[in-house]
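Chemist: The following comprises the amino acid sequence and a computationally predicted model.
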Amino acid sequence: MKIAEFAVKNYQFTLIMFLMAAAVGVTTLLTMPRSEDPEIEAPQFSVVVVYPGTSPKDMEELVVDPLEEKLNGLEDMKRIKTTIGDGLAVIRAEYKYESEPDEKYQEMVREVNALRADLPPEILSMEVKKFQPSDVNVMQVALISENAPRATLKKHAEELQDVLEQITELKNVEIHGLPEQIVRVSLRLEKIAQMHIPLESIMGSMKSEMANIPGGSVDAGGKAFSVKTSGNYTSAEEIANTIVYAANGHNVLLKDVADVSLTFEESKHITRLNGHRCVFVVAAQKPGLNISHTQKIYKPVLEAFQKTLPANIDMVHHFDQADNVNGRLAGLGKDFLIAILLVAITLLPLGGRAALIVMISIPLSLSIGLVLLNLMGINLNQLSIVGLVVALGLLVDDSIVVVENIERWMREGHSRIDATIKATRQIGLAVVGCTATLIIAFMPLVFLPEGAGDFIRGLPLAVIMSVLASMVVSLTVIPFLSSRLLKGHDDGKGNIFMRGLQSLIHGSYSKLLDSALRYPKSTLIAAAAIFFLSTQLLGVVGFGLFPASEKPQFVINTITPLQTNIARTDSVASLVDKTVSEIPEVTYFATNVGKGNPRIYYNVIQENERTDFAQTFVQLDESTSPDRKLEIINELRERFSNVAGARIEVKNFEQGPPLVAPVEVRIFGDNLDTLRAVSAEVEKLLKQTEGTMYVNNPVSNLKSDIRVVINQEKARMGGISTVDIDRTIRLAISGIDMGKFSDANGDDYGIQLTTPKTGRPTLDAFDNLFINNHLGVAVPMAQIAGLKLETSPLSIDHYNKKRMVSVSSFVQKGYLNDRVINDVVNKLKTARFPDGYSYTMGGEVEASQESFGGLGTIIIVTVFMFVAVLILMFKTFKSMLIVLSVIPLGIVGAVLGLLFTGNPLSFVAIIGLIALAGVEVKNSILLVDFTNQLRQQGMSVDEAIRHAGEVRFLPIVLTSLTAIGGLLPIALSVNPLISPLAVVLIGGLISSTLLSRIVTPVVYKLIPPAI
C-alpha cells in the first residue's frame, strides 16, 4: 500500500492534515444541531373543512366526496384517510414518501383552492395544513392561579407569549386553556319582536359598521396623502351605540334591544397542573437548531418574566424537552466514556505503546465521521449518537489489525520502518476489503423506505462515515505513529497479556481446530444443527415492531359516555388527578378536559375538542426506572379498570411511526348500518382475544340529536324562509360570529351575536324564540316548528374514498404484539362478512409492511455487492463462499441474546442482524486472505489453515472484544429502542468468533480455492 509508505515518509504532512481533521471535528461537535429525535419531514397534509350545522352524511356528500375525487387523482398520491363529523371534516392525504414535501404542499393548496368555487358557499373555512415534526412543543409552561380573574390570566399569558415570540429560535408560541375574550351581544328577542325589527337589519347594520373600506389617496401640493375612513369598531361602547333600525324618525340603538358586554367564550378546554387551575403556554423550536443552545436563550427569559407576575399567579416550567435531550446526551456520553475504557482494556495484549496508537484512531476517526455527518445534514440525536457508539467498537478494528501485524513483523526481527511498510502492504488490501464489506452491510439501512427509514438513517450513516474514516486513519496515521513510537520486544513474545492469549490459543484453539479438521463433515453438520435450532427459537422470541419509550412520562385518557357534557367529564378527570397525586414518583400531571394535551411527543397528535374526553400528561421523577414506570402504569390500569361511567386508559408513549393502536382491523363497506353491525362483531372478537385491552369501536354507539322539524306550509304562509329559522336557532344556541375588531391597544376581540344565557345552552334556549318574517312581524317558533330526538352516526370514516370503520386494540403487558395480532387474524379468517364487505389489517401490520417494504430488493443488491467485493479481492468463487459461510453462525448468538434479555425481534434488532453480517465477514476476510498468502508461499492446505488460524485468531479476538466492549454500555442501557441492536451484535459477535474460527477453516479444507 503506497499510501502508507507516503504517510510514513511524509510524516509532517500527515500530522498537519490529521490535526486539522481533529480541530474541525471538535468545532463541528460544538456547533452541530441537536435534538432528541431525528428531524424528518413527510409529504403528509390535512385538509380541515369547517361547515357549521352540517351532518356527517351531508358533509360527506357535499364536501368530502368532491374533495377526495380531486385529491385521489393527483400524481404520487398514496392514500387518503378522512374523518367526517358534525360540521367538521379532516382529510389526511399521504403522498409517496419519496415525494418532495414543499412541492406537494403547494400542489395541495392549489388544487383545494381551485375546487373551492364548486363547494357550498356556506363553508366557514377550508385550510390545508402541513405535518411537521418540528411542530412538537419543546417547552410547556403553566401560569397557575386559583383566584386571578380570567382577564388577568389572559393579560399575563399574552405578555409571556409576546416575550417568547421575540426569541427567533422558537415558533408556534400558543396559549391553551384560556377561552377567547369576546364582546357578547345578547339580543332580547321579545323586545325585537315587539318593535318588529328584522334580525337581518341588526346583522346588516353591524356588518356595515365593521366594514373597513380604504378611502384611496389624494394629491395636495407636491405630496400624495392616503385617506383613512372610519373603519371598524374600536370598543364595546361603539358596538352598543350602533344604529340598528330607524322607525317614525326614531333611531333604535343596539343597546336598546341587546345587552352588550365584554366577556369570554364558553370554556371548551379546562386546564390544570397538579390539580390547580392554570393556563398553558407552549412553544416549538424551529428546525435545524441546537435545542441545548435554544434552552440557554429562553430559560433566562422565563426566569425574568416570572419575577414580573403578581403574588396570586405562579409560573411553573414543568416540561422542557431540552432537559430530556441533555439527559439523554449525557447518558450516551457516559456510555461513550465507558465504551472507550472497555476498548482500552481489550487492547492491553498489544502493549502500552501499541494500545495508545490504536486509541488515537478513535478521536481522529470520530472527528472525521462527525464532519461528514454534518455535511450530509444529519444532526446529533439519540440515533446518530448511538451510531457513533456502535462505530466506536468497530472503527479500531482496522487499526488493531495493522498495528498487530506490524508488531508481529517486528517480533520476527524487522526494523520499525521496514516492519511498518511491509506489514501494512501485506494487510492493506484486506483492510480495504473488510471496510468495504462493513459499509455494504450497513448500506441497506441507509436506504430503508418510508418514515421508519428516515427515522433510523442517522445511525447507519454515523457508522459508515466513522468506519470509512477509520480505514483512512489505519492506512496513514497508524503506520506513521507505529514507525515512530513502537519498540521491539526483547523476548519476542509480547507482554504478559499477549503471552496469556497466545498460550490460550495454542492450548485450546489449536487442539479444537485439529479435531475439527480431522472430521470436517461432522463439524459442518453440527454447526448446521446449531444454526437450525437457533432459528426455531425465533418463534419463542416473537416480533414487535417498535418498543415503548423509556422516558418517565405517560398519558391517561379519560373517555366518558358519548355526548357527556364537559362538567361531568371534568369531575371524572378530577378523580384521575386525585389518584395520580398519591403516587410518590409523580412530579407533575397536566390535566386537559375537553381537549388533548398540547403536542409534546413526536408521534402523538393533540386530540381535537370533545366534551366527552380528557387527557392527563403525567411526568415522573427523572430517576424513575422504565421498570418502575411500567409498574405504575399497570397499578393505575388496575385502579381505573372499574370506574363507573367512564373508560380510563393509561397509555405509555410508543416509539416509531404514529399508530392508531398495535392491533387495528379496518372494515370496508357501503351501508352505515351494516358496517356498524359488522364492526360490533369484530369488536366482540377482539375482546375475546387473550392479551387485548382498550378495544375501541368508534361506531359502537349512535349519537342522539335534536331535530328541528319545520312545518313548511305554515312557514310559507307566515312569510318565513328556512334560512331565517336556522339563523335564529343558531343565534340562540351557539351564537353567530360577526367578526373581529381591535381596540386602541391593538388587542383583538371577537363579536358574538346571541341570546341571553348563563353557561352552556340548555333546552330552555328554545323557549320564547321569535322569528321575524320579511315584514318584521314576529312569529313564535313553536307555531311553525317542533323538536324531536333522532339518532345519527357520530362520524363517518373513509379510507381511499371507501367507507371504513377502524376497530382497534392495545396489547396487555406480558403479551407480544405479533402473537395477539396473529390470533386476531386467525379468528378473522374464519369470520363471515356480508357480500361487499371486507377487512384489512392496519396498525403494526401495515407499519411493518411499510417499514420493510422494498427491503428485499435492497438486501439482494447488498448480497451481490458482497459477492462482487469478495470476488474482486480473492478472484475465486470458493474463497467468496468460505467467507460468506460465517454469516449463519452469528445469527445463533443474536437469537440467544434476544431470548436471554427478553427482547423481541424488533425493527432495530433486524437492523442489527443485517449489520452483523458485515462485521462477521470482515473477520473472515482476514483469515481467508492470510491463508491464501501462506499457500502462495508454499505451505500445504492443512498447514496454511492451522498457521493462519493461530496467527489471525489474536487480532480477530481483539477486534471482537473491542466491538463488544464498545457495545456493552448500549446493551445495558435503559433505552429499549437501541439496546436490542447492541444485544444482537454482541451475541452474534460471540457466537461467530467462537464458531466461525472452527467452521471457516473446515469449509476452507472442504473447498480449497485455487492459488
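Modeler: Structure's in. What do you need?
Chemist: What residues does the residue nearest to Q426 when sequence neighbours are not counted make contact with?
Modeler: The shortest distance from Q426 to any non-neighbouring residue, by C-beta to C-beta, 6 or more residues apart in numbering, is to N405 (6.5 Å). In this view, the C-beta of every residue, glycine as well, is placed from N, C-alpha and C. Residues in contact with N405, defined by C-beta atoms under 8 Å, 6 or more residues apart in numbering, are A423, T424, Q426, I427, P955.
Chemist: Can you get me a residue count around P552?
Modeler: 21 (other C-beta atoms under 10 Å).
Chemist: Quick check: S960 touching N923?
Modeler: Yes: contact criterion C-beta atoms under 8 Å: S960 and N923 qualify, at 6.9 Å.
Chemist: Could you verify that W409 is part of a helix?
Modeler: Yes: looking at W409 with DSSP: H, G, I helix; E, B strand; the rest coil, it is inside a helix.
Chemist: how near is it to T424?
Modeler: 10 Å (C-beta to C-beta, to the nearest Å).
Chemist: for I633, same thing?
Modeler: 56 Å.
Chemist: Counting neighbours, go ahead and name the busier of those two.
Modeler: T424 (29 against 18).
Chemist: Please name the nearest non-neighbouring residue to that one.
Modeler: Once flanking residues are discounted, T424 sits nearest to A4: 4.0 Å by C-beta to C-beta, 6+ apart.
Chemist: What does that neighbour show for phi and psi?
Modeler: Here is the backbone geometry of A4 (degrees, to the nearest 10): phi -70, psi -40.
Chemist: Tell me how many other residues crowd G413.
Modeler: Using other C-beta under 10 Å, G413 is surrounded by 10 other residues.
Chemist: how about it, phi and psi?
Modeler: phi 110, psi 0.
Chemist: if I pick it, what's in contact with it?
Modeler: Per C-beta under 8 Å, 6+ apart, neighbours of G413: none.
Chemist: Quick check: it vs T420, distance?
Modeler: In terms of C-beta to C-beta, G413 sits 14 Å off from T420.
Chemist: could you show me where the strands are in the stretch 601-750 of the chain, in order?
Modeler: Secondary structure of the stretch 601-750 of the chain by DSSP state E, counting those that start in this stretch: the strands cover 613-620, 647-652, 663-668, 692-696, 703-710, 736-742, 748-754.
Chemist: Any chance of a markdown table for those strands, columns mean neighbour count, mean pLDDT and distance to D335?
Modeler: Formatted as a markdown table, the strands of the stretch 601-750 of the chain follow (neighbours: other C-beta atoms under 10 Å; pLDDT from 0 to 100; distance: least, C-beta to C-beta, whole Å):
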| stretch | mean neighbour count | mean pLDDT | distance to D335 |
| --- | --- | --- | --- |
| strand 613-620 | 23 | 94 | 22 |
| strand 647-652 | 19 | 91 | 23 |
| strand 663-668 | 24 | 92 | 34 |
| strand 692-696 | 20 | 90 | 34 |
| strand 703-710 | 14 | 75 | 53 |
| strand 736-742 | 17 | 78 | 54 |
| strand 748-754 | 19 | 81 | 51 |
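Chemist: where does the stretch 651-800 of the chain dip in pLDDT?
Modeler: Along the stretch 651-800 of the chain, the model assigns pLDDT under 70 to residues 703-704, 746, 758-762, 764-765, 768, 774-776, 791-792.
Chemist: what are the ranges of the helices in it?
Modeler: 672-687, 712-717, 722-733, 781-784 (DSSP state H, counting those that start in this stretch).
Chemist: I'd like to know which of these is closest to T591.
Modeler: Evaluated with C-beta to C-beta, these place helix 722-733 nearest to T591, the distance being 27.9 Å.
Chemist: Please pull out the lowest mean pLDDT helix or strand from the chain.
Modeler: Among the helical and strand segments of the chain, the one scoring lowest on mean pLDDT, DSSP states H and E is strand 223-226, with a mean of 63.
Chemist: Okay, buried residues for the next helix-or-strand element following that one please.
Modeler: Once the chain leaves strand 223-226, the next helix or strand it forms, by DSSP states H and E, is helix 236-240. For helix 236-240, the neighbour count (16 or more other C-beta atoms under 10 Å) marks A236, E238, I239, A240 as buried.
Chemist: Output those as JSON lines; include the columns pLDDT and distance to P969.
Modeler: Output for these, formatted as JSON lines (pLDDT from 0 to 100; distance: C-beta to C-beta, whole Å):
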{"residue": "A236", "pLDDT": "82", "distance to P969": "64"}
{"residue": "E238", "pLDDT": "83", "distance to P969": "69"}
{"residue": "I239", "pLDDT": "84", "distance to P969": "67"}
{"residue": "A240", "pLDDT": "85", "distance to P969": "70"}
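Chemist: Redo those as JSON lines? Include distance to I600.
Modeler: Output for the buried residues of helix 236-240, formatted as JSON lines (distance: C-beta to C-beta, whole Å):
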{"residue": "A236", "distance to I600": "37"}
{"residue": "E238", "distance to I600": "42"}
{"residue": "I239", "distance to I600": "39"}
{"residue": "A240", "distance to I600": "43"}
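Chemist: can you pull out the helices in the stretch 201-350 of the chain?
Modeler: 236-240, 254-257, 291-306, 321-346.
Chemist: before we move on, back to that, what about S960 and N923, which has more around it?
Modeler: Higher neighbour count among S960 and N923: N923, with 27 against 23, using other C-beta under 10 Å.
Chemist: Following element in sequence after the host helix or strand of the more buried one, please.
Modeler: Assigned by DSSP H and E, N923 belongs to helix 907-936. Using DSSP H and E, the helix or strand that follows helix 907-936 in sequence is helix 941-971.
Chemist: What's the mean pLDDT across that next one?
Modeler: Averaged across helix 941-971, the pLDDT comes to 80.
Chemist: quick check: angle from that helix to helix 907-936?
Modeler: Between helix 941-971 and helix 907-936, the angle comes out at 160 degrees (axes from the mean of the first three to the mean of the last three C-alpha atoms, to 10 degrees).
Chemist: in helix 941-971, what's buried?
Modeler: 941, 944-946, 948-949, 951-971.
Chemist: where in the stretch 351-500 of the chain is pLDDT low?
Modeler: 488-495, 497-499.
Chemist: can you pull out the helices in it?
Modeler: 352-375, 382-411, 416-446, 450-456, 458-475, 477-485, 496-504.
Chemist: Tabulate those (CSV), appending distance to I720.
Modeler: As requested, those are exported to CSV (distance: least, C-beta to C-beta, whole Å):
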stretch, distance to I720
helix 352-375, 71
helix 382-411, 65
helix 416-446, 69
helix 450-456, 55
helix 458-475, 66
helix 477-485, 91
helix 496-504, 100
